[in-house]
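Undergrad: using only what follows, build the 3D model:
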Amino acid sequence: MVERASALAGHYSATRFGQEGDPGVTLCEVPGLVLHQVSAWPDTLSAVAAEAALAVGLTGAPGPGLAAAGTAGALLRVEPLKWWIYRGEAPELPADTGTTLDLSHARSHVRVSGPQAATCLNRHLPLDLRDAFCPVGSVASTALHHVGITLWRSEDGFELFVPRGFALSTWEILIETAAQFGAEVK
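TA: Presented below is the predicted three-dimensional model:
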């Protein structure tokens, strides 16, 4: 496998900025992204769901707009007929059952966390990110400053999967927005 190169490498360093005190927002690029897309055909949905769940160590696949963590990775339901396997390997599927695609080099993974993370992101995202409406395990396809992204609310914060070609401009927007809350880049 070709070694993955970061789209953000050399464009940031660990620092604190913005308001004084404890940071309200923490930003980091999560290195070593392993991301596979698993797609089903309409008549093979349940079979592919079972294979994808098995690949990450789950007994069942999450429903639309949800994610679940298993023993060998996480499974995110990103579209009606598609899942993303995060930090796991894609199952082998016959062509008449479904398809798999390695997205690891096509996306950058940015984590936004901290007590003001939802408020910071809501400056740009047309989603209600409050706990009651976007609990841990939620997944959504949305746009951040006209860039299509996938957002997953994990136990660690808001995971943003950004197209590689837009990673730097998206990062810069997040840095500028996070400054008003007091921010830390890890």
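Undergrad: what about the residue nearest to P80 when sequence neighbours are not counted, how many neighbours?
TA: Among residues not flanking P80 along the chain, P64 sits closest, at 6.3 Å (Cβ to Cβ, 6 or more residues apart in numbering). Quick note: C-beta positions are derived from backbone N, CA and C, even for glycine. For P64, the neighbour count with other Cβ atoms under 10 Å is 9.
Undergrad: one more: A52?
TA: 32.
Undergrad: in three-state terms, label it for me.
TA: Under DSSP: H, G, I helix; E, B strand; the rest coil, A52 falls in the helix class.
Undergrad: can you check L125 too?
TA: For L125, the secondary-structure state derived from three-state DSSP is coil.
Undergrad: offset the numbering so it begins at 35, please.
TA: New numbering, starting at 35: the last item is L159.
Undergrad: give me phi/psi at it?
TA: L159 adopts backbone torsions of phi -100, psi 140, taken as degrees, to the nearest 10.
Undergrad: what residues are up against it?
TA: Applying Cβ atoms under 8 Å, 6 or more residues apart in numbering to L159 gives the contacts 176-178, 185.
Undergrad: go again with 7 Å.
TA: When contacts are counted by Cβ atoms under 7 Å, 6 or more residues apart in numbering, L159 touches 176, 178.
Undergrad: any idea how far it lies from A81?
TA: With distances taken as Cβ to Cβ, to the nearest Å, L159 is found 34 Å from A81.
Undergrad: over to L92?
TA: To A81, L92 is 15 Å away according to Cβ to Cβ.
Undergrad: now do whichever helix or strand A152 is part of: which elements does it pack against?
TA: Element membership of A152 [criterion: DSSP states H and E] is helix 151-155. Helix 151-155 sits against strand 191-197, with contacts defined as 3 or more Cβ pairs under 7 Å, 6 or more residues apart in numbering; DSSP states H and E.
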